[in-house]
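Student: pasting a predicted model and its sequence here:
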Amino acid sequence: MAKKKAAANKKAPAKKKAVAKKAAPTKKKAPAKKKAPAKKKISAKARFNAAWLKKQREALLAERASYTRHAEFLEAEADQLAREREPGDVQFDEESGEGDSIAVERDRDLQLSAQARAAIQEIDDALERIKKDTYGISVVSGLPIPKERLEAIPYADKRVEEKATGMSWR
């Protein structure tokens with residue numbers, strides 16, 4: 001019996017402590033995004049004085065007149081070349097390597113005229129921006145175009161860094 005008592009006195013093995021499971025990390029909330037301040041409308045009249053804007057307008061009108069004369073001259077020349085063209089002009093001279101030189105010259109005149117007409121449209125757009133009080137504001141970003149750029153290119157509608165890369169035809 002002594003053994004039984006000894007067995008009864010024997011304590012049960014200690015229970016293993018449960019290992020605490022780590023909870024999944026909670027996602028931290030991102031800080032609330034601050035709204036960008038509303039862009040202030042930049043006025044051309046506020047940036048430039050009236051005399052400077054008048055000077056720019058006059059420069060644009062003078063440049064427009066020049067491009068218009070140039071385009072009209074080129075178109076008249078192209079029309080004259082078309083009228084003077086004879087059916088025999090379409091021959092190809094193998095010795096000289098020249099083809100239809102009148103057609104080539106006419107095509108060149110029409111392309112140059114189209115470029116002049118595109119410049120006239122850019123100038124008209126700039127004149128409209130002066131009327132709308134948005135002259136000197138980039139049409140891409142809404143940021144001001146530096147005064148120096150506008151003095152060099154009065155019809156500029158973009159900042160230098162926004163201008164497409166590559167060679168420009170003007």
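Tutor: Arrived safely, thanks for sending. Numbers count the residues shown, from 1 in each chain.
Student: what's the helix or strand residue 71 falls within packed up against?
Tutor: Element membership of residue 71, judged by DSSP states H and E, is helix 50-84. If you count contacts as 3 or more CB pairs under 8 Å, 6 or more residues apart in numbering; DSSP states H and E, helix 50-84 packs onto helix 101-131, helix 147-152. Placement of C-beta: from N, CA and C, glycine included.
Student: so where's the protein uncertain?
Tutor: Within the chain, the segments meeting pLDDT under 70 span 1-46, 85-100, 164-170.
Student: 50 instead, please
Tutor: Low-confidence segments of the chain, defined by pLDDT under 50, are located at 38, 97, 166-170.
Student: nearest residue to residue 74 in space, please, no chain neighbours.
Tutor: If the residues on either side of it in the chain are set aside, residue 74 comes closest to residue 113, at 3.9 Å by CB to CB, 6 or more residues apart in numbering.
Student: got a list of what that neighbour touches?
Tutor: Applying CB atoms under 8 Å, 6 or more residues apart in numbering to residue 113 gives the contacts 70-71, 74-75, 78.
Student: okay, the residues you listed in a markdown table with neighbour count and distance to residue 108 next?
Tutor: Written out in a markdown table, the entries for these read as follows (neighbours: other CB atoms under 10 Å; distance: CB to CB, whole Å):
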| residue | neighbour count | distance to residue 108 |
| --- | --- | --- |
| 70 | 17 | 14 |
| 71 | 20 | 14 |
| 74 | 21 | 9 |
| 75 | 17 | 12 |
| 78 | 19 | 9 |
